[in-house]
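Asker: have a look at this prediction, sequence included:
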Amino acid sequence: MAEKQTKQNEPTPEEIVTQEADAADEAEQAAEDAADEVVADAVALEQALTQAQEEVAALKDQALRVTAELQNVRRRAEQDVEKAHKFGLDKFTNEMLPIIDSLERTLDACSVDDEATKALLEGIEMTHKMFVNGLAKFNIEPIDPQGQPFNPELHQAMSMVPSPDHEANTVMAVMQKGYTMHGRLIRPAMVVVVQG
């Protein structure tokens, strides 16, 4: 009887084949599901990678633009500071030029023959020289175009006079000297030009 019971518990060959087929179908289904999950994960990772690469490219571009803008701002600030150092004396110089003009007119008007004014004349000459040398230290140079060709960029023609002794379009007389600062015109020279 014990043998009969063990035989009843044993599966038949058809049951074994059916069980094995079911197990194979389940394993195949599990493998397909796992493969689908791997493909879905790969697609999601690929999309995330593409998005991350786009963000990195955008941030790099933004960083480059910010760096370039910062360099431009720094360069402009340096140029502004340089111009302020170079040309910060414009107003001061324009206020000082009439004083030099007055000293030069005084020197032209004084007579060297008069002993009473000789010491005064020497003092004015020294003061004028100190003034001009002081301005030269700051690259403020006079323009005295006597006998030179007329240059409208540096000279202002106050009048034109015919003269057979001078060449046409040359400066015959300087009414007031001009001045430049670091090569930039502060005040044009006021001149009388020979008519052509």
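Answerer: Done, it's in.

Asker: below-threshold pLDDT in this structure: ranges please.
Answerer: Filtered on pLDDT under 70, the chain yields the residue ranges 1-8, 111-112.

Asker: please repeat the previous calculation with a cut-off of 50.
Answerer: Low-confidence segments of the chain, defined by pLDDT under 50: 1-2.

Asker: and it, what are its domains?
Answerer: Under the assignment named as automatic domain parsing, the residue ranges that make up the domains of the chain are 11-85, 88-194.

Asker: with just CA atoms, put stretch 61-73 into CSV.
Answerer: Output for stretch 61-73, consisting of C-alpha atoms alone and laid out as CSV, is shown next (Å, rounded to 0.1, in the frame of the first residue of the first chain):
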residue,chain,number,x,y,z
ASP,A,61,27.7,79.2,-23.2
GLN,A,62,26.3,81.4,-20.5
ALA,A,63,29.6,81.2,-18.5
LEU,A,64,31.6,82.2,-21.6
ARG,A,65,29.2,85.1,-22.2
VAL,A,66,29.5,86.3,-18.6
THR,A,67,33.3,86.0,-18.7
ALA,A,68,33.4,88.0,-21.9
GLU,A,69,31.1,90.7,-20.5
LEU,A,70,33.2,90.8,-17.4
GLN,A,71,36.4,91.3,-19.4
ASN,A,72,34.7,94.0,-21.5
VAL,A,73,33.6,95.8,-18.4
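
Asker: ok now it, how far from the chain's centre?
Answerer: Put simply, stretch 61-73 sits 12 Å off its chain's centre (CA atoms, centre = their mean, to the nearest Å).

Asker: show me what counts as buried in that stretch.
Answerer: Of the residues in stretch 61-73, none are scored as buried under the neighbour-count criterion (16 or more other CB atoms under 10 Å). Where C-beta positions appear, they are placed from N, C-alpha and C, glycine not excepted.

Asker: would you map the strands across the chain?
Answerer: Assigned by DSSP state E, the strands in the chain fall at 140-143, 155-161, 171-176, 178-181, 184-187, 189-194.

Asker: run a quick neighbour tally on residue 132.
Answerer: Residue 132 has 16 neighbours, counted by other CB atoms under 10 Å.
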